[in-house]
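Visitor: What follows is a predicted structure for the sequence shown.
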Amino acid sequence: MERQRVQPPARSALAQAQRSAVHMELRDSYMLDDPEFIAWQQGKRLKLEDRGSWWGGWHSAVQAATDRGVVVRRVRIVSEPLHDYVRYEYDLTAGNVAAGEQVRWLPRRQVTGLLVPANDFWVFDDELLLVHHFTGEGQLAEDGREYLPDAELAALHAEAFEAVWQRAVPHDEYRPV
């Protein structure tokens with residue numbers, strides 16, 4: 001299998017998706033130097049009533065996809081108690097949901113018995129796999145987006161996603177610990 005390393009963000013592939021886009025997140029923290037995360041640590045919170053203050057490119061991409069009929073789902077496997085970064089993500093998830101993304105949460109202790117890939121990933125239309133590679137500090141690696149147009153490999157990841165999705169708790173029901 002030939003591997004192609006390209007760098008466009010997930011929203012490029014999402015713009016091409018016709019049926020589905022699923023995303024699994026496995027890390028307890030990402031980019032701890034992100035200015036928005038630092039501002040959240042200092043008390044800044046999402047104000048849903050002020051959509052202009054938080055709606056961004058990702059939200060527009062998700063809404064455009066869901067408007068085309070693409071089902072966009074994300075599942076996060078998390079350690080409890082949650083790392084502050086995951087609490088930050090939890091607070092921001094209302095924006096993802098408003099854009100049309102379905103989000104679920106699965107405590108890491110409940111993953112036992114499931115085979116889960118080692119890296120965060122996306123699967124688009126059951127055909128294209130996007131694997132994210134992060135450094136130990138949670139930064140996206142220089143070659144951190146690896147697109148693999150391999151239907152068999154995408155199917156393995158989609159199967160893992162579905163198993164986790166079935167156990168996971170919908171966002172509106174999950175209560176952070």
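Guide: Yep, it's here. Numbers count the residues shown, from 1 in each chain.

Visitor: which element is W105 on?
Guide: strand 102-107 (DSSP states H and E).

Visitor: looking at this, E159 is in a helix?
Guide: Yes: for E159, which was evaluated using DSSP: H, G, I helix; E, B strand; the rest coil, the result is membership in a helix.

Visitor: looking at it, G144 is touching F134, isn't it?
Guide: Yes: using Cβ atoms under 8 Å, G144 is in contact with F134, at 6.5 Å. For every residue, glycine as well, the C-beta is placed using N, CA and C.

Visitor: quick revisit: just give me how far the strand holding W105 sits from the chain centre.
Guide: Computed by Cα atoms, centre = their mean, to the nearest Å, the chain-centroid distance of strand 102-107 equals 10 Å.

Visitor: The helix or strand that comes right after it pairs with which strands, and in what direction?
Guide: Counting by DSSP H and E, the element after strand 102-107 in chain order, helix or strand, is strand 121-124. Taking DSSP bridges as the criterion, strand 121-124 sits next to strand 20-25 (antiparallel), strand 128-134 (antiparallel) in its sheet.

Visitor: for these, which one sits closest to G56?
Guide: Minimum separation from G56 across the strands paired with strand 121-124 (Cβ to Cβ) falls at strand 20-25, 16.6 Å.
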